[in-house]
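# fold the stuff below for me.
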Amino acid sequence: MKNLITLMLSCVLPLALAACDSGPAPSPPRQAAENVDAARTSQEASAVAMPAQDKGEAVKALIVYYSWSGNIRLMAEEIQRQTGADIFELLPVVPYSDDYDTAVNTATQERRANARPAFSGGVDNFADYGVVYIGYPNWWADMPMILYTFFDSYDLSGKIIAPFCTSGGSGFSDTIAAIKGLEPGATVLDGLHLEDSSGLENPGKAVTDWLNGLDIGK
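Residues are numbered from 1 along each chain as shown. Sure thing, here's the model as predicted:
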């Protein structure tokens, strides 16, 4: 009888072990499960801490411009109206004359001397801005020297620069290349140029089309 029972057990035990192998995979050790939970918690915390800009929220923008005749001011105000950007006008500490010939003479002397005319005031919390619209008239295929003063005064590395200018028909000339040389750490986008004679009669549509093409600050 004992031999019979022993023989029966020897047959049943391998079958039971085989049945166990075909069942669900065993649960991971407790420590491994805790590590997975910790990693998941860390990822969730990182998502919460993600900067607002990375979530697609609007980038803070600033408009900086110099205007002698008032044409650039019209463009700057239109850009501000459409974007809601902050605005800063470069006002020379020593203003240019209202007389055209006198102003031309002064500007010519500044350019020959590679001068850096001072401007009044400054931009608070400049580091907070991700986009800077830069406006200026094209004077003899160059920016007014007060723009060089601005670029010397502020570091635009990591920012987006969107230039806009007016001229009698010479476009940007080499001014965009000059900006890229002054701010190699910035991204300089395609600019908006309007002619003094006709382009400023209704700048709204031109500004709208330009901003839509840039697709920034939204």
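# after the lowest-mean-pLDDT helix or strand in the chain comes which helix or strand?
When each helix and strand of the chain is scored by mean pLDDT, DSSP states H and E, helix 30-48 comes last, with a mean of 33. Sequence-wise, the next helix or strand downstream of helix 30-48 (DSSP states H and E) is strand 61-65.
# note down every partner strand of that following strand and its orientation.
Using DSSP bridges, the strands paired with strand 61-65 are strand 86-89 (parallel), strand 131-137 (parallel).
# of those strands, flag the one that's most buried.
strand 131-137 (a mean of 25; mean count of other CB atoms under 10 Å). To be clear about C-beta, it is placed using only N, CA and C from the backbone, and glycine gets the same treatment.
# now do that strand: distance to the chain's middle.
14 Å (CA atoms, centre = their mean, to the nearest Å).
# what angle do the helix or strand following it and strand 61-65 make?
Following strand 131-137 in sequence order, the next helix or strand is helix 145-153 (DSSP H and E). Counting by axes from the mean of the first three to the mean of the last three CA atoms, to 10 degrees, helix 145-153 points 140 degrees away from the direction of strand 61-65.
# quick one: contacts of helix 145-153?
Residues outside helix 145-153 that contact it (CB atoms under 8 Å, 6 or more residues apart in numbering) are 64, 66, 90, 92, 107, 110-111, 114-119, 122, 134, 136, 179, 182-183.
# just checking, which of these belong to helices?
Ala107, Glu110, Arg111, Ile179, Leu182 (DSSP state H).
# so can I have JSON lines of those showing distance to Leu156 and pLDDT?
Below are these laid out as JSON lines (distance: CB to CB, whole Å; pLDDT from 0 to 100):
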{"residue": "Ala107", "distance to Leu156": "24", "pLDDT": "96"}
{"residue": "Glu110", "distance to Leu156": "22", "pLDDT": "97"}
{"residue": "Arg111", "distance to Leu156": "22", "pLDDT": "96"}
{"residue": "Ile179", "distance to Leu156": "9", "pLDDT": "98"}
{"residue": "Leu182", "distance to Leu156": "8", "pLDDT": "97"}
